Structure formats: C-alpha cells, structure tokens
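quick one: sequence and predicted model below, then my questions.
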Amino acid sequence: MTNLPDAFAIAPVTGSNFSRELRRAGRSMVAAKWPLLALAILFVVVVVAIFGPWLSPLDPNRQNIMMRLAGPMAPGPNGATFVMGSDALGRDVLSRLLYGARVSLMVGISAILVGGTLGTIAGLVSGYFGGWIDDVIMRLGDIQLAFPFILLAIMFLVVLGPGLVNLILVLGIGQWVTYARIVRAQTLSLREKEFVEAARAMGDSTTSIMFRTILPNIVAPLTVIASFNVASVILAEASLSFLGLGVPPETPTWGSMLAQSRDQLIANKWWLAVFPGMAIVVTVLSFNIIGDWLRDLLDPRLKERG
Amino acid sequence: MPKTRHLLMASTAGMLLAGTAFAQVSDDTLVVGLSADITTFEPAAVSSRDNANVVRHIFDTLQSIEADGSVVPDLATNLSISEDGLAYTYTIEAGRTCHDGEALTAEDVAYSFNRAKDPANAFTGNTPGFVFSSVGFVDAVALSDTEVQINIGAPNQIAFGLLAEVYVHCKDSYEKMTLEQAATSPIGSGSYKLESWTPGSEVRLSKMSEPGTFQNILYRIIPEASTRSAELMAGNVDIITNVAPDQIDAINGSDTAAVQSIQGTRRMYVGFNLSPEFAAMPGGDAIQNPDVRRALQYAVDVPAICAQLLNFPCERATGIVNPPNANKSLTPYPYDPAKAEELLDAAGWPRQADGTRFTIRFQAGRGRYLNDENVVLAVAQYLSDVGLKVETDIMEWGSVYVPLIRERNVGPLFFLGSGGGLWSPLYDMTDLAKVDSGTNYTHWNDPRWFDRWTDIAASKSPEETRVIIDEMLQVFYDDGPWLHMYFQPDFYGVSKRLNWTARPDEKVYLFSATLN
Amino acid sequence: MWTFIIRRLLQSVIVIIGVTLISFVALQIGGDPTFLFVSERATPEEIEMIRKALGFDQPLHIQYLTYLGNILQGDFGNSLSYRQPAMDIVLGALPATIELTVFSMIFAIGLAIPFGVFAALYRGTPVDGGIMTLAMFGQSIPNFWLGIMMILFFGLYLNWFPISGHVPLIMPLLQGDFMTALTNIPSSIYYMVLPGVAVGFYSLSRNARLVRSSMLEVLGQDYVRTARSKGISERAVVINHALRNAWLPVVTMVGLEFGFLLGGVVVIETVFSWPGIGRLVFNAINQKDIPVVQASVIVLSVIFIALNLIVDLIYARIDPRVKL
C-alpha cells in the first residue's frame, strides 16, 4: 500500500546535534504559543492523573443512591458538595473525573506503548532482513487491516471479558501495523546508508545495528504518530465502553463516564456528559496540537516554508 | 467556486423535497418499537419474550392465559383430563381457517405438537425446551377432526397452562416446507399474517381475521433506549418496550406519550451458589451457613433500589412465588444493616482488622434486565457497607454469562431473573423442582423443600396443596438460596393516540388496541 | 500490471483464510457455544444431541477444516440463531451498511477537500482558524455521543430529520425494481443524514486537516511559485496546479477510510437502528452465531481488499512515479 506520508523522511540524528535539535524545538514551541498551551494542559492532566486520589474530594466509587443525579454544587453526603454533580448511582462526578484521568491516560499511553513496541520490532525486523520474514510480517499486517479493528476488538473483549489489561492489549494490538509500516519503510532506506554500513563494518551485532543505530533515527516520526494515536485510542475506549466492552463499570474512565451518561441525555442531566466530554476534548486537542507541531518541526520542507 | 455553489443548492433542494416524504404514522397501522431483534418465525424455535409477542399474533394456541391469570378458550372449546392425569383431550372449535386457506383441524394440532418434538428437527425453542420437558410430553394424537389427545409423562397440575403456550400451525403447508423456509414463512390461524420481515430492522403483519382493530402492525427494532424514547416522543411510534427508568419522566413530560409502569412477574434475586466447588471459594464457605444468608437479607435496601434505580415503588419479595400466590404470613425482610452486622458477628464472621468480614465474588450479566448493571453495583455497595469485600464481575450477557448459568457455574453470588406467572404458585416453584434441575442454579438441596414435591403430587385437594406450598415457602424464606430482591417492573411507553393497557406478564398483545 | 493483480489476488486468499481463522479461534476460546442454543430446562442428553446437531462435538481443527471445505463449495453454513443461510443474512444486511458508509465517505471526503483547501488558501485567517477548530473538536467527540445528541436536537427538538430507521436504496436496485429505488432516493438520503454525519464527522475532521497540510505543501512548491510569478490568476493556480497534486493523498484516503468508517458503523447502526452488517455482526458475536460472524468477516475483508487494490491501480494511473 502506498499510504506512507513522505513527510517522515528525515536526516539521521546523531548524538552531536541532538541538543541542538532540542533547543530548536524549544524555540519553535515558544514562538508558536499553541503547542506551549497544549503542553501546559497535558502537564496538568498528567499531574491530575498522578495525584488524582489525593485531589479528589470524595471516594469515586462510594455510591449514594438516595442522592443520585444531583446537579452541580448540590449538597453531597456528610456536608460535602457534589461540585460537578453526582451520577446515576450517586457517585461524585468530580472525583470520578479526577480518577478517570489516570485510567484514561494509562489506557491511552499503555496501548500506544504496546502497539508501538510491537510495531517497531516488527518493522525493524521486516525492513532489515527483508525476504520471507518481511513477507510474513507484512501479510499479518494485511490480515489485520482487512479486518475492521472494532470487530477484532469486540470479538476478543466479548470472549476474554472486559478488563483493563485486555483493553490495553486489544487497543495496542490494533495499532501495531501503522508503526510497523513506517518503521519498515524507514529501515529499508536507512539500512543502505553509510553510517549503517560503517556500524556493520565495525562488526556490530545485528541487534545492535537495528536498535542502536537505526532505531534512534526513527524515533522522531514515531513520536508524531504516537501523539496522534493517543487521541484515537481514548476515543476507541469510549466506543468500546458504549458497547459495554470497556473497563469494568466501577472503574472510572472519561470514555466510560460519557458512555454511561447516554440514558440521561434525554432527561437533560447535562453534567454527566459535559464534564468528561470536555476532559476528552481538551486532552485530545492537546495531543493533536503537539502532534501537529512535532510534525512541522521534523519536516524540513514545511519548516522552510515558514 | 461556482461548482460548489451549485452543489449546495442542489442538495438544499433535495432536502426540501425529501422533507415531504418524511414518514408519518397512519391510522390503520400500529407501530411498536422493540429493543431486541426478532430472530425466527419457526413456531417451535421461538424462545425469547419479544419474539413470542410477535408470533402470538400469527399463531393460535389451544387456550390463552389472561392478564389476571385466568384461563380462557382459544382454539379449544373444551378440555377433559383423564383419571390418571396423563391424557389431555381438547375439543377444537370448528370453522378456524389457516392462512393457506385450509381448515384447521385436530390433525393440525397433533402435527404441531409432534413436529416440535421430532429430534430430526432439533428444535430448541420454548415448546420443546420448556413446555415439553416440564410436562414430560409423550405424543399427540388426533382422535377425530375436532378432538386431539395429548399424552404426558407424569401427572402435573399446571400442564394445561404450559400446553397453552404451544403454537398451533398448519400441517399441509409445513409438510411442504424445508426448515429454512418454515423459519421465514409462518402459516397459522391467528388474526394476523406475516407480510414482510427484514431481520434486524422490522416486521410487518397484516390482518386476516378477528380479533384485531388495526389493519397492519409494524414492529421496529430500536435497540438504543434513548432512540426508542425519542421516536415515541416524536410521535413516530405508538408503543415502546423497556423504557429506561431514567427516561420515564422525560416521556411523561412530553405531550405525545406517557409511560405505563406495571408490576411484572419476573422474579429478580441474588443467588447463593451452594455447590461444593463454590464452598471452596472465598466467601463460598460463609454462605453455606443459612444464618449468614439470612443476615445478608437485612443488609440490602431493596425498596430504595426500586425507587431510585428502577423508578418504581416496589415491595420486596418474600420468596420465589409472585405476591398473589405467596405465603401470606411472611413479611419482607426489612433493611436493617445493624441487625445484619449483629447476625454476621454471631455466625462467626466478625470484621477483621481491615474492617472486612470476608471476600466474595459477585457475578452478573449486563444488558438483560432493567438497569441490571447499576442494580448489581448498588447491591455490592450495600453488602460492602456491612463488611463484605465484594468483587463484582459483570459480563457480557449472551456469550459469557448465559453459558456459565447453564452450566450452573456462577457465583458464589450471582444476579439473575426468572420469568414467573400469576396463575399458579407451582409454576413459579418449578424452577426448583429437583436438586439437579437445570434451573436450580444455586445447587440448593434442602430436603425440607425438595422432599415435599412428592407430597404435592400426592395431594388430593387444592387446600391440601396450599398448606404444603406455604410450608415450603417458609423454608425458602428462612433458609433459602436466594437473597430476595423484587419482581421486575415493566415500562411501556404508549402514545397518547392509542388506547392500550399493558399486562403484568410481559405479554404485548395488540388485538384490542384502539385509537383514541 | 496483470502479474501485480494476480499476485495481489493470491495474497488476498491467504489474508482471508487468516481472517476466518482468527475469528474462529476467538469465538471458540470463550467456551462451548451449545449452551446458547438449548433451553434452560434441557437435560444433559438433549444438550448432547444439540451439540452434535450443531457440529460442536468435533475437535476444533476438524470443525475449522470442515468449514473451509464447505466454503470452497459455496456453503457458508446456517445462522445458529436465524436458522437461515448465514451468507444470505449477511448479504441482506450489507446494502444498508454500504449506503451508510458511502454516504459518510462522500460527506467526509467531499467536505474535507473544500474545507482543507479554503483553510490552506486563507492560512492564518479566521476562516482557517474556524475550520481547524471545528476539525479539532470533530476529532475529540465520540461518534455515539454525537449521534445521540443529533437525535435529540435535530430529530426530536427541531424535528428536521428522522430519528432512526432506514429506507432501502440498493436493495430494490438489486431486485431490479428501479422505480422503487428511484422514488426512494430522497427519503433514503433524508434518513441517512444524521447517522451519516455521526459516522463521518471524525473522518471529515481528520481529512480536512490532511488536505490542508498537503495543500500547503503543494502551494509552497517551486512550480506553483513559478506559475504565480508568471502572473497566472490565483484561481487558475489553485485549480490547475495545486488541486491536481493535492488530491493524490485523497485517493489513498478513500481506501483506508472505508475500513475506518466501518468501525464507526458498528456503533452508529445501534444508535440509529440501522439494519446493517455492523449491528448484525455485533449481535452475532454476542450470541456466538459463528457462521454469521465468519460470513460477515469474509465479506468485509473481500470488500476492503478489493477497494485497496482498486485504489492502488488508480494511484498508479494518476501518479506516474508509482510503478506496479
């Protein structure tokens, strides 16, 4: 298939110009403003994800069915306040949102790590060795792509049962082909390059060439893809929650909170959807802005155009 | 760009044109929005409630059970039961006609029964799977054009009610059809015939004979609760089933429709799995003790769950039998967490240093019963409040939970509902007919219950039976394997243009519905 | 080129076998499906009988090989819940899904191109900002939520569009009933608007951004600059040079988009009660109706593979740099 964006053709990164690249990145970010804001938002999200349990005013799983569907700022149990209202079981929306940051982000990032790692290894092996190994790996990729991802996910989650680990694995495995194809294309062009030949002449092992010499030159485009993918994984998690195949119902994620809000939309209980919805929009937006910025930064031709 | 402009204009014009084609309901068609798909029109393969509700308009049955539990004639004008209780002879009303034009006779009735039993057909619907296995069906014989005799394996006081669930279909047509054809082309003698069927989408029926007010009935499959409610409120659908409890107020607030909330007969309970394998699991050992089970009865506030999560005030169940037939001397367990804790302490399960008494897994399926996921989570919360560490395990209903249920391998705690009836306490109690009954999911084996079935079979009068039943229900109340919950309410959204009353037994029959 | 096509077709066979194997294994590891097809009061003997009748008593590899053998003879088995030939059911549901997918693809790509082009031409202006903000939101809203909100707002509150349901378009065509198909067109599209937008909105957003950056890239190229410096009008530059080159990535999108939109269709078909293959296969998975799952998966894979093959061929036609 011919869908590789050639924007990812990049010059080899070597140790000496790495810090220069980093400084350039910093300057470009300050100049562009939006990426800076996005980064700040992501920083806040990560802080919330880490410290959520200490920040949240109430136990996110403590039900109070007598106080269910209370609006924002309604009085909660024991003198507390439901700042963002309570859900269908009388759980505090704000607390679930704060806890949800952790699970949503963990699902997003772990899935990318799983998919990225699998894909990178497959792509490196495929591109470096070529031949039948390449054929087998690429055919496996074709099989997966011929299969709408959501069907694969449904099939395995229905059978294995929804759960955090299963969810991450399925979402991760859904991603590997993208990474494998990019890494393979890059590896194909890099393996003939002089610095790779040099490493080979020095007698470096194959593994070392693949992971120490070639891989660092591919990391940049992978980061771009990854930052876009976190967004789509968070949305995929929401869709699976809608089908009842997300995390277990007591575990809060933004996607599952949104999915659970759907019976209440017609009754106008807006706080159930608006707050987790905003959290998703802001986070996904930030990841996309960072991805855009990274791509512009790494693509020499776009940079030239200014 | 001029091209774009043209395109925009063209599509706007298209929209306006289309606007006039917007489907509106018509006076001769009744539209029903169902939540689950209709999978078959094979009378012997029908098993789900929704499917049966549609099919019942096409096929007649020997007798009908009314909403209040009374039995009225349908095809059969008379029933006589032999001395030994094994032969049921029905007299078939003359003059009924099949949709294929043939007259319906006793031969068709016998054929319908025997065809459902034929192992070559491998049917698994309600008729062979539930009715026949419950009554021990032997065979059916047409004695004459108007008389059919049905032979069963053992005397059974509720056999007439069960046999009334069998759909009678027409021999001549079915003998010509393959099983595949039969699944899509039902030939019965009911008021309506199948006009068209698009799986996953809609079923159209048209009227053949009385009774029935509407010329056409259109069933639309609308799985998403919000979409169903929106269609009803917009006036495109006349009746919807399974209204989400939290949408009732929105519908009642609209000027097009209102919700009929009705006390249903489905018995919802939390089961205690008492089998030896589960006794070896955490918490499985604790619930072996009837005192622990009784303690937990006090821990759950069932009326609160009903009022809050089901949007329906309900009285807590006292057992396995629907209220009209229940043991009148029993009162529902009150919500008394302090008493629950006291009883748990006394039963030898005090709170440990971490505040918990024991850990227990609580399994359930999702998406089958009214608000089931939230009810399960709420019960888990109540049990945690008295010191249990509850690990909820909520699974996909069809593909994962049902196989576990059928293997009787759920628990130690599990959430389940069982369809009930109002016409006989024995119908409800049949779930626990034998220790190894397929429906005894708890593996309960108390002889004070199971040994009494022989007494019931030997009982000579309804009064005598009633005494035995009450004694059994007392045992079930005290030391039974169920944490009693509620009888599931049913919510039907009904358009204001329609005059129709919902029944408590989940049967949606539209023969007598009229326009206001 | 013919060798390329033949090689691709051979590869496709392997891909399809792989796809069926994966779905077969996935559905079988959950345990014996027999229990879903017996009543709760069935005796062990009855269960055994049904198991035999359904073929689940055979070892797994035999079951799978038998299935493959039957497929070669054109027999895809009978649906376990509908008791009808599985392929007939799948093909019956396919047209509705194709209608929805094509509609949302036209919506997503048809609007993405003008949006992307305008955003690029007016880079940095409020037009660009507005389009890109919308695109960013479009990429952050789960489709089911968008669908329900549209039902409540455009369907129930404003009463502009039907809330749910489907008017067939392809089905009457296939049955040779051209008059019905023709008269159905307006209402068919009318019913498609809300679900189509719900399915396609994410793609629209992503593609608008793609077109914009690909357009920006082309606008920055030397030959466009040259054309401009020659005094050719901006409109001619855009139409003759920029658009012609910028639509290459769009062709690629069409192929990939199909698979992606199908994913959205599973969810949206449930929300809008659209009688398509997405809902069919979701229910079939839940009920372990293995023949239906298999037949759907095969049909979807074949479509996906064929579409990508066509895309590659078109690509080779319009881009002389690509050799097959």
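Everything's here; your move. Numbering: from 1, shown residues only, chains lettered A, B, ... in the order given.

I figured residue B:235 was touching residue B:493, is that so?
No: Residue B:235 is beyond contact range of residue B:493, at 11.6 Å (criterion: CB atoms under 8 Å). No exception for glycine: its C-beta is placed from N, CA and C like everyone else's.

more neighbours: those two, which one.
Between residue B:235 and residue B:493, counted using other CB atoms under 10 Å in any protein chain shown, the more crowded position is residue B:493 (27 against 18).

ranges for the helices of chain A?
All helices of chain A, identified by DSSP state H, fall at A:15-32, A:34-55, A:93-129, A:131-145, A:149-160, A:164-173, A:176-190, A:194-201, A:206-208, A:219-242, A:254-260, A:271-298, A:300-305.

now swap in the stretch 1-150 of chain C and tell me
Using DSSP state H, counting those that start in this stretch, the helices of the stretch 1-150 of chain C run over C:2-28, C:44-54, C:60-72, C:86-121, C:126-138, C:143-150.

so which bits of the fourth one are buried?
By 16 or more other CB atoms under 10 Å in any protein chain shown, the buried positions in helix C:86-121 come out as C:86-105, C:107-109, C:111-121.

so who does the residue positioned nearest the centre of chain B touch?
When CA atoms, centre = their mean is applied to chain B, the residue found nearest the centroid is residue B:419 (4.3 Å). Listed by CB atoms under 8 Å, 6 or more residues apart in numbering or on different chains, the contact set of residue B:419 reads B:49, B:265-267, B:506.

determine which two of those residues are furthest apart.
Longest distance between any two of the contacts of residue B:419 is 14.5 Å, between B:49 and B:267; criterion CB to CB.

so which of the two has more stuff around it?
When residue B:49 is set against residue B:267 and neighbours are counted by other CB under 10 Å, the residue ahead is residue B:267, at 23 against 17.

rewinding a little: deepest-packed of the helices of chain A, please.
With neighbours taken as mean count of other CB atoms under 10 Å in any protein chain shown, the helices of chain A reach their highest mean count in helix A:254-260, at a mean of 26.

output that helix as PDB, restricted to C-alpha atoms.
Coordinates of each C-alpha in helix A:254-260 appear next as PDB, following Å, rounded to 0.1, in the frame of the first residue of the first chain:
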ATOM      1  CA  TRP A 254     -13.700   9.500  30.800                       C
ATOM      2  CA  GLY A 255     -14.900   7.400  27.900                       C
ATOM      3  CA  SER A 256     -17.000   5.100  30.100                       C
ATOM      4  CA  MET A 257     -18.400   8.100  32.000                       C
ATOM      5  CA  LEU A 258     -19.600   9.500  28.700                       C
ATOM      6  CA  ALA A 259     -21.000   6.200  27.600                       C
ATOM      7  CA  GLN A 260     -22.900   5.800  30.900                       C
END
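
so how far is chain A from residue C:11?
7 Å (CB to the nearest CB, to the nearest Å).

one more: residue B:267?
Distance, residue B:267 to chain A, using CB to the nearest CB: 22 Å.

my guess is that residue contacts residue B:415, does it?
No: if you go by CB under 8 Å, residue B:267 and residue B:415 don't touch, sitting 12.0 Å apart.

chain C contacts on the stretch 101-250 of chain B?
The stretch 101-250 of chain B comes close to chain C at residues B:119, B:122, B:124-126, B:128-130, B:133-134, B:179-180, B:183-184, B:198-202, B:220-224, B:226-227, B:230-231, B:233-234, B:236, as judged by CB under 8 Å from any CB of the partner chain.

appreciated, that's everything.
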